[in-house]
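A.B. asks: The following block contains a protein sequence and its predicted model.
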Amino acid sequence: MWAWCVVLTLLYVFLDRSLSKRCYDHSGKEFIVVPFTITTSGEIFQIHIASNPTVTSAVPGTIRTPIIRQGSASRFSSSFSVTPPNRVSINIQNFEVVPVNVITDTAIVINTSYDVVVSVSYGKSGSLGSMLVFPTETLGTDYRIVTFSPIPPTTDKAILVIAAAYSDTSIQLFPGSEEVELEINGIYYTGTDIASVSLAQYESIVISSSEDLTGIRVLATKPVAVYSGNIDLSINNDGETDAALEQMPPISELGQKHIIVSNPKVKRDFIKIVSTVDNTEVYVDSVYYGIDLAGEFVITELGSDGSGSYAIVISSYPVLVALFGDKDENSDNVMTDVTMTIIPPITNYGNSYVFITPTKSLPVTYTHNVVVISPQGLSEDLRLDGSSTSLQGLSWTPVTDINNDVNHEIVSSIVISEGVHVLTSLNDTHQFGGYLYGTAARQSYGTALATFSKNTWTIQGLCSTSKFVKIADDKLPFPVELSTNTTRTYFRCYQLCSLSATCGVVAVFRQSSTSVECRLYESETQCGPFQNVTGFKLFARQK
């Protein structure tokens, strides 16, 4: 049954997940990851799971390979429980080599009862990488990807991984350049060719190439997880390689203002900027670059103009920004291999982060560091694991571009211990950013921090005894952002309780500055988080 709520007054909403959930919130209840090893031995693939810090009790969950086919090896299903502030680290051992350039069934799915954050450590014992994994509810349908390939090209194994979150997912891949060549099922695609792939739920495809795959567009009919980077990358072509991959954010989560901070222990950093719109203008520390076509990119060395250990990137349209850290030529240096980190735009900065370091069970011991980027004057409000002690005495460097409303300060190295950490601010309006990196003898990693909502609530009982949020003045208590940039759109649903404690599920359909229009279902089973119906996928961001 449909009912329309044009003006909401004196209604109370119980949230299965907080409405202050931001677009870039990385905590969730389902995650998809693909063991993308394409070699035969010495591989490391660890999955780390930590609960959202707002959850105080043990969080049960399962990890499994959901597709079981005749002849498939390494199928498994097991349960786990994670209790804050600890984490669960699961070694995926003896998994099969992932076939490349064909559809495969090796995806691993993680499901939990309450919100968790997931990261992965991957690679070989001498070339470790780390990446953050996004929950399925934040996945998108339109992506651009980034990899790295030196000149001349080598066998760097640049890869693109796509995994379907839902059944009957049709995917189109657009190479966009004659210099990019894709192989799928023995057929090669380049330039203006369009490669089409259909995936069942949790199926995936790993595309491998010795060329740079940067700029490929991935367009899907339903949300997909997209990973890209390099399995064996050597920027210097000196024979020593490292794994450098990240999960790609959808285009809807990209931005136009970025602050990039160098890893102080590397020889040099490269910034790679991928356009999503034709005729994109890019300024890197006021140096102009024009990008003619969507999918084309600019690559420049950080600090090559003498600006130092950071850069401000301003673009006329949203861009994907990746930071590549080059190894030092001295093999005795504390860090001597390559990293890749996707840099979040300023518009996606958050108020609360949780991050998970790789474990001590790895072959070497790492020194872990956090980069923090904060608006000036607010850094004293930051708290690491609830305390300001480890943040005192830090040297903050101003980063300003007054013409583009950039007035921040950075610290490039806050040393943290191995484990799970929480970085928050006492000021609820304080939006700051950062990323995590680690160094060891001839090894390193770099990855994004996981944002989470401090106001996430879990189900405590029946509708009549649940915690409520009041909707007053015909509006939600904070703005709602709606995304309609895909052919088939989706909306998120929330349980709704009236004053009489009757329950239903409400999906916000659209809003103006004075009202919220929604669709009401009688039960959650008729709605679910993503239904194939015309509507909107709701992203709520607390300003």
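C.D. replies: Happy to help now that I have it. Residues are numbered from 1 along each chain as shown.

A.B. asks: Can you name the element that comes right after the host helix or strand of Val118?
C.D. replies: Val118 belongs to strand 108-124 when assigned by DSSP states H and E. Next helix or strand after strand 108-124 toward the C-terminus (DSSP H and E): strand 127-133.

A.B. asks: got the angle for that next one vs strand 108-124?
C.D. replies: Strand 127-133 and strand 108-124 meet at an angle of 150 degrees, taking axes from the mean of the first three to the mean of the last three Cα atoms, to 10 degrees as the criterion.

A.B. asks: switch to numbering from 586
C.D. replies: Right, with 586 as the first residue, what we last looked at is strand 712-718.

A.B. asks: for strand 712-718, packing partners?
C.D. replies: If contacts are counted by 3 or more Cβ pairs under 8 Å, 6 or more residues apart in numbering; DSSP states H and E, strand 712-718 sits against strand 613-618, strand 693-709, strand 802-818, strand 827-832, strand 1028-1033. C-beta coordinates here come from the backbone N, C-alpha and C atoms, glycine included.

A.B. asks: Dump these into TSV; add mean neighbour count as well.
C.D. replies: Listed next are these as TSV, based on neighbours: other Cβ atoms under 10 Å:
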stretch	mean neighbour count
strand 613-618	24
strand 693-709	24
strand 802-818	24
strand 827-832	26
strand 1028-1033	27
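
A.B. asks: can you list these in a markdown table and add distance to Asn686 and mean pLDDT?
C.D. replies: Shown next, in a markdown table, are these (distance: least, Cβ to Cβ, whole Å; pLDDT from 0 to 100):
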| stretch | distance to Asn686 | mean pLDDT |
| --- | --- | --- |
| strand 613-618 | 20 | 92 |
| strand 693-709 | 20 | 88 |
| strand 802-818 | 14 | 89 |
| strand 827-832 | 17 | 82 |
| strand 1028-1033 | 27 | 80 |
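
A.B. asks: Can you say which of those is nearest to Val859?
C.D. replies: The closest of the helices and strands packed on strand 712-718 to Val859 is strand 802-818. By Cβ to Cβ, the value is 10.2 Å.

A.B. asks: Spell out the residue ranges of the helices in the stretch 786-935 of the chain.
C.D. replies: In the stretch 786-935 of the chain, no helices are defined using DSSP state H, counting those that start in this stretch.

A.B. asks: okay, and for the stretch 836-985 of the chain, where does confidence drop off?
C.D. replies: 849-852, 888-893, 912-922, 945-949 (pLDDT under 70).

A.B. asks: returning to what we had before: in its sheet, which strands sit next to the strand holding Val703, and in what direction?
C.D. replies: With DSSP bridges as the test, strand 693-709 is paired with strand 613-618 (antiparallel), strand 628-636 (antiparallel), strand 644-649 (antiparallel), strand 712-718 (antiparallel).

A.B. asks: any idea of the mean pLDDT in the third one?
C.D. replies: For strand 644-649, mean pLDDT is 93.

A.B. asks: so after that strand, what's the next helix or strand?
C.D. replies: Next along from strand 644-649, by DSSP H and E: strand 662-667.

A.B. asks: List of residues touching the following helix or strand past that next one?
C.D. replies: Moving toward the C-terminus from strand 662-667, the next helix or strand (DSSP H and E) is strand 672-676. Residues outside strand 672-676 that contact it (Cβ atoms under 8 Å, 6 or more residues apart in numbering): 630-635, 648, 665-667, 941, 944, 946, 1004-1005.

A.B. asks: who does strand 672-676 pair up with?
C.D. replies: strand 628-636 (antiparallel).

A.B. asks: Mean confidence (pLDDT) on the partner strand, please.
C.D. replies: Rounded mean pLDDT across strand 628-636 is 87.

A.B. asks: Take that strand, keep the C-alpha atoms, and write them as PDB.
C.D. replies: This file holds the C-alpha atoms of strand 628-636, laid out as PDB (Å, rounded to 0.1, in the frame of the first residue of the first chain):
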ATOM      1  CA  GLU A 628      50.300 -14.300  -1.000                       C
ATOM      2  CA  ILE A 629      48.900 -12.500   2.000                       C
ATOM      3  CA  PHE A 630      45.200 -11.700   2.300                       C
ATOM      4  CA  GLN A 631      44.000 -10.600   5.700                       C
ATOM      5  CA  ILE A 632      40.500  -9.200   6.400                       C
ATOM      6  CA  HIS A 633      40.300  -7.000   9.500                       C
ATOM      7  CA  ILE A 634      36.900  -6.200  11.100                       C
ATOM      8  CA  ALA A 635      36.200  -3.700  13.800                       C
ATOM      9  CA  SER A 636      32.800  -2.500  15.200                       C
END
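
A.B. asks: Now do that strand and strand 802-818, the angle between them.
C.D. replies: Going by the same axes, to 10 degrees, strand 628-636 makes 120 degrees with strand 802-818.

A.B. asks: I'd like to check the angle between strand 628-636 and strand 827-832, please.
C.D. replies: Going by the same axes, to 10 degrees, strand 628-636 makes 40 degrees with strand 827-832.

A.B. asks: Between strand 1028-1033 and the strand holding Val703, find me the angle.
C.D. replies: 140 degrees.

A.B. asks: Could you export strand 693-709 as CSV, keeping only the C-alpha atoms?
C.D. replies: C-alpha atoms of strand 693-709 as CSV (Å, rounded to 0.1, in the frame of the first residue of the first chain):
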residue,chain,number,x,y,z
ILE,A,693,34.0,-13.0,-0.1
VAL,A,694,31.0,-11.5,1.6
ILE,A,695,30.9,-10.3,5.2
ASN,A,696,27.6,-9.8,7.0
THR,A,697,27.1,-8.5,10.6
SER,A,698,24.2,-7.6,12.8
TYR,A,699,25.4,-4.1,13.5
ASP,A,700,27.8,-1.6,11.9
VAL,A,701,31.4,-2.6,11.4
VAL,A,702,34.4,-1.2,9.5
VAL,A,703,36.4,-3.5,7.3
SER,A,704,39.9,-3.3,5.9
VAL,A,705,42.2,-5.7,4.0
SER,A,706,45.9,-6.3,4.1
TYR,A,707,47.1,-7.9,0.8
GLY,A,708,50.2,-8.7,-1.3
LYS,A,709,53.3,-10.8,-0.7
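
A.B. asks: circling back: so which of the strands paired with strand 693-709 is the most packed in?
C.D. replies: Among the strands paired with strand 693-709, the stretch with the highest mean neighbour count (mean count of other Cβ atoms under 10 Å) is strand 712-718, at a mean of 25.

A.B. asks: What mean pLDDT does it get?
C.D. replies: On average, strand 712-718 scores 82.

A.B. asks: Could you look up the next helix or strand downstream of it?
C.D. replies: Next along from strand 712-718, by DSSP H and E: strand 725-729.

A.B. asks: which residue ranges form the strands in the stretch 936-1085 of the chain?
C.D. replies: 937-941, 952-960, 967-969, 982-986, 991-1001, 1005-1010, 1018-1025, 1028-1033, 1035-1036, 1054-1056, 1065-1068, 1078-1082 (DSSP state E, counting those that start in this stretch).
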